[in-house]
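K.L.:
3D model of this:
(2 chains)
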There are 2 protein chains.
Amino acid sequence: MVDIATRVWNHKWKIDPIVRSLIDTDFYKLLMCQSIFRNKPDTNVVFSLINRSTKVRLADLVDEGELREQLDHVRSVTLTRGESTWLRGNTFYGKRQMFRPDFMEWFEGLRLPAYHLEKRDGQFELTFEGRWPEVMLWEIPALSVLMELRSRAVLNDMGKFELQVLYARAMTRLWEKIERLRRIEGLKIADFGTRRRHGFLWQDWCVQAMQEGLGAKFTGTSNCRIAMRRDIEAIGTNAHELPMVYSALADTDEELRQAPYRVLADWHEEHEGNLRIILPDTYGTEGFLKNAPDWLAGWTGIRIDSGDPAEGAEIAIRWWQDRGEDPRKKLVIFSDGLDVEKIEELYARFHGRVKVSFGWGTMLTNDFRGLVAEDALAPFSLVCKAVSANGRPTVKLSDNPAKATGPKDEIERYRRIFGVGEQKVQEVLV
Amino acid sequence: MVDIATRVWNHKWKIDPIVRSLIDTDFYKLLMCQSIFRNKPDTNVVFSLINRSTKVRLADLVDEGELREQLDHVRSVTLTRGESTWLRGNTFYGKRQMFRPDFMEWFEGLRLPAYHLEKRDGQFELTFEGRWPEVMLWEIPALSVLMELRSRAVLNDMGKFELQVLYARAMTRLWEKIERLRRIEGLKIADFGTRRRHGFLWQDWCVQAMQEGLGAKFTGTSNCRIAMRRDIEAIGTNAHELPMVYSALADTDEELRQAPYRVLADWHEEHEGNLRIILPDTYGTEGFLKNAPDWLAGWTGIRIDSGDPAEGAEIAIRWWQDRGEDPRKKLVIFSDGLDVEKIEELYARFHGRVKVSFGWGTMLTNDFRGLVAEDALAPFSLVCKAVSANGRPTVKLSDNPAKATGPKDEIERYRRIFGVGEQKVQEVLV
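P.N.:
Got it, this is the predicted structure:
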């Protein structure tokens, strides 16, 4: 029987909304948002969409009107009662009431702020300006909307069975990856693929396939909406935007030098255990660790997010040893440029020397490479970053000069202050 | 919204029935049934299930109770008003009222007769005895039930996503075949896969994928239920059971020698055009054509269903030439052991010399080879044949001695009477 009410209800949607929930976002955005809400609520920031894959001419593919409709829809979404209950009532990393009542009250009343959209040279210039805790929540929805509109544009002319076979191929490909990962005894892996996903439903499918295929080896998802829906762990800690904005706000070179540690001092006050994960690469891992205060070596682990991951892990291991820590008790989370072979290789190399864990992103939730003509669904490198704070530009160096962002003279200044020497260029695919 | 009524309705099913319609059968069974209903309605026949792949121990895989439930369900099914309307109102091969009112009235009142089931040595002995027009309608449902129960048994322990990926793989495989077939300009191909299908829903999917993927190159399906549901052409003509039963009924060697032509004389009276298709191999193609009456050379075409198909087609071409017919105006339907490579090869060889057409069976609707452990879903050779008529055994020789059926002494007698010489053995896979 057709459920007539459902059909009639569906008629009423003007669009098929891509983002239907404020918690269809990465868990670490909410953790960071709460931290910012407490420590830097009035900072004025600008976030901007940056397409690092300039050959993907998004504005030629995606209709501006459709993009506006989707972005406007995101602005109409508010936290539901059930989502609020889940955030307030859930245990995250073993801790109850991770989100404080004052933050939750603010979040319940939140709508995302205005956006500014222009087309230039085949790309969209999409920026968000306003109070940091509000603007920063645009990052993931903005990426989700663009990624999925691009997928829809490519799929628009395909037949029904052609589409089904496309997804059949993508499912088979992921399942074959899962079958390989299953053989790694002791594997711990989570979904970090929200920001680069092919689409929401596809990410949801991938998470469920990981659940069935990997069992306890699959530790959770960074996506809160999917974690809630599928009753699994929400995963995440913190990201580059904290040191980037803290650094932009620094008034002197010495303040700038201390800014990344200030971030972690604030974090140290708020969080413990598995949330104390160092993200060392914003201005070069080597210098960051060398100059770090001693208490940081007591943290639970480190996340390697740029540069050669094996090298990054070796640097961390030596650093722990130098500071008298036992690396075998430390967690190393690899989260950059992973696919099955790289995961196998890193696991084999570091298993037993440290506790190894993986945050698997693009190649989990968006591996449609080679599945349509002209490889038009291949993942590409889209980011949405803080570009300025209180009127000053932000800078990111990372362990890969190809990923550096910010004005050239500022990049040079940061390289000098953080003592970054020669860096090896790694190709940025996604 | 959940459609509560549908859920509650579904609770009431004691089983998930495999055969839900009397027209979930091959179109040629209905054509032959009408012919038998007119010409030989009181013949007593026994049909029997024969598993030529003895290594597939069906009775170890499939529960006897479940099999009985499914067969009992088939016996409860009657022609619906809509199905009757479709049969009465449809145009088949350009002809209206293909099914005569007296036949339709009988069919509307029909329920399938009793079955006899025993287990022996890991196999089911399943037989049907009674009036020919009734018993013969068991062939396809019996095969469908056994094939699908076997699939269900194998799939029983698989997880939800594992199952989805299994079907994803099978879909991808079929689609790749369709993409290859699409390149054959002028191809005409139909689904003949009901009898060996993996399952009903899978056949239905395959037919729809062929529709979308091949467009006008896909000429229809032998399955009446799917033809009705998907509003496409029902395809088929006649099969070996007619000459087999006619021959068993012959009282003398001379009558036996004439029996296969008597079948076609009866058919000639009833049908014209595309239904006048010779099936020459029951007792050897070569002898059958050599001794055929002249009027048979005027028929529309021939169906090649055993032996080396290219050789069979060459024999037919020479025969038409000998009888003064232009082979380029004749239709050759290949329907045995086809997969994409064989189709490409036969098309390349005969295109332009005759009108070429394909009835694609097992490798269309049941290609799950290599997709589960121990290849437990590989197609196997199950048939349901007339084994006796009015107490006398039936015999089939075909152009492949591996496909011969009947008592040994009778096979020898038939070989002598029909002048069958040396035959090349072709491996029977499905």
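
K.L.:
for whichever residue of the stretch 51-200 of chain A sits closest to chain B, what are its contacts?
P.N.:
Residue nearest to chain B within the stretch 51-200 of chain A: A:A168 (3.6 Å; Cβ to the nearest Cβ). From N, CA and C alone the C-beta is placed, and that goes for glycine too. Applying Cβ atoms under 8 Å, 6 or more residues apart in numbering or on different chains to A:A168 gives the contacts B:Y167, B:A168, B:R169, B:M171, B:T172, B:W175.

K.L.:
ok, of those residues, which come out buried?
P.N.:
The neighbour-count test (16 or more other Cβ atoms under 10 Å in any protein chain shown) marks B:Y167, B:A168, B:R169, B:M171, B:T172, B:W175 as buried among the contacts of A:A168.

K.L.:
can you pick out the most distant pair from those?
P.N.:
Greatest spacing in those, by Cβ to Cβ: B:Y167 and B:W175 (12.1 Å).

K.L.:
give me phi/psi at A:I50?
P.N.:
phi -130, psi 120 (degrees, to the nearest 10).

K.L.:
quick one: contacts for it?
P.N.:
A:L382, A:V383, A:C384, A:K385, A:T405.

K.L.:
re the thing from before, looking at the buried ones among the contacts of A:A168, which are in strands?
P.N.:
Under the assignment DSSP state E, those contribute nothing to strands.

K.L.:
next, format these as a markdown table and append distance to A:N274.
P.N.:
Listed next are the buried ones among the contacts of A:A168 as a markdown table, based on distance: Cβ to Cβ, whole Å:
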| residue | distance to A:N274 |
| --- | --- |
| B:Y167 | 38 |
| B:A168 | 35 |
| B:R169 | 38 |
| B:M171 | 41 |
| B:T172 | 40 |
| B:W175 | 44 |
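
K.L.:
out of those, list just those in helices.
P.N.:
If you go by DSSP state H, the buried ones among the contacts of A:A168 have B:Y167, B:A168, B:R169, B:M171, B:T172, B:W175 in helices.

K.L.:
would you reformat the residues you listed as TSV and include distance to A:T394 and pLDDT?
P.N.:
As requested, these are arranged in TSV below (distance: Cβ to Cβ, whole Å; pLDDT from 0 to 100):
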residue	distance to A:T394	pLDDT
B:Y167	48	96
B:A168	43	96
B:R169	47	96
B:M171	47	96
B:T172	45	97
B:W175	47	97
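
K.L.:
nearest to A:K95, of those?
P.N.:
For those, the minimum distance to A:K95 (Cβ to Cβ) is 39.2 Å, reached by B:A168.

K.L.:
how about that closest one: what's its closest non-neighbour residue?
P.N.:
Of all residues beyond its chain neighbours, the one nearest B:A168 is A:A168 (3.6 Å), with distances taken as Cβ to Cβ, 6 or more residues apart in numbering or on different chains.

K.L.:
in the stretch 1-150 of chain A, what residue comes closest to chain B?
P.N.:
For the stretch 1-150 of chain A, Cβ to the nearest Cβ, closest residue to chain B: A:D3, 4.2 Å.

K.L.:
and that residue, how many neighbours?
P.N.:
15 (other Cβ atoms under 10 Å in any protein chain shown).

K.L.:
tell me the contacts of it?
P.N.:
A:D3 sits next to B:M1, B:V2, B:D3, B:T6 when contact means Cβ under 8 Å, 6+ apart.

K.L.:
and the residue nearest to A:S381 when sequence neighbours are not counted, how far is that from A:R120?
P.N.:
Spatial nearest neighbour of A:S381, excluding adjacent residues (Cβ to Cβ, 6+ apart): A:R52 at 3.8 Å. Computed as Cβ to Cβ, to the nearest Å, the A:R52 to A:R120 distance reads 16 Å.

K.L.:
remind me which helix or strand A:V383 belongs to.
P.N.:
Taking DSSP states H and E as the definition, A:V383 sits inside strand A:382-389.

K.L.:
list the helices and strands that strand packs on?
P.N.:
strand A:44-51, helix A:139-155, helix A:241-248 (3 or more Cβ pairs under 8 Å, 6 or more residues apart in numbering or on different chains; DSSP states H and E).

K.L.:
could you pull out the strands for chain A?
P.N.:
A:44-51, A:91-92, A:95-96, A:116-120, A:123-131, A:189-191, A:218-221, A:277-278, A:301-304, A:331-334, A:355-360, A:382-389, A:392-393.

K.L.:
A:V263 reaches A:P243, doesn't it?
P.N.:
Yes: taking Cβ atoms under 8 Å as the definition, A:V263 is a contact partner of A:P243 at 5.0 Å.

K.L.:
A:S84 and A:E108 touch, don't they?
P.N.:
Yes: using Cβ under 8 Å, A:S84 is in contact with A:E108, at 5.5 Å.

K.L.:
for the spatially most distant residue from the centre of chain A, which non-adjacent residue is spatially closest?
P.N.:
What lies farthest from the middle of chain A is A:M1; by Cα atoms, centre = their mean that is 41.8 Å. Closest residue in space to A:M1, ignoring its immediate chain neighbours: B:T6 at 4.8 Å, by Cβ to Cβ, 6+ apart.
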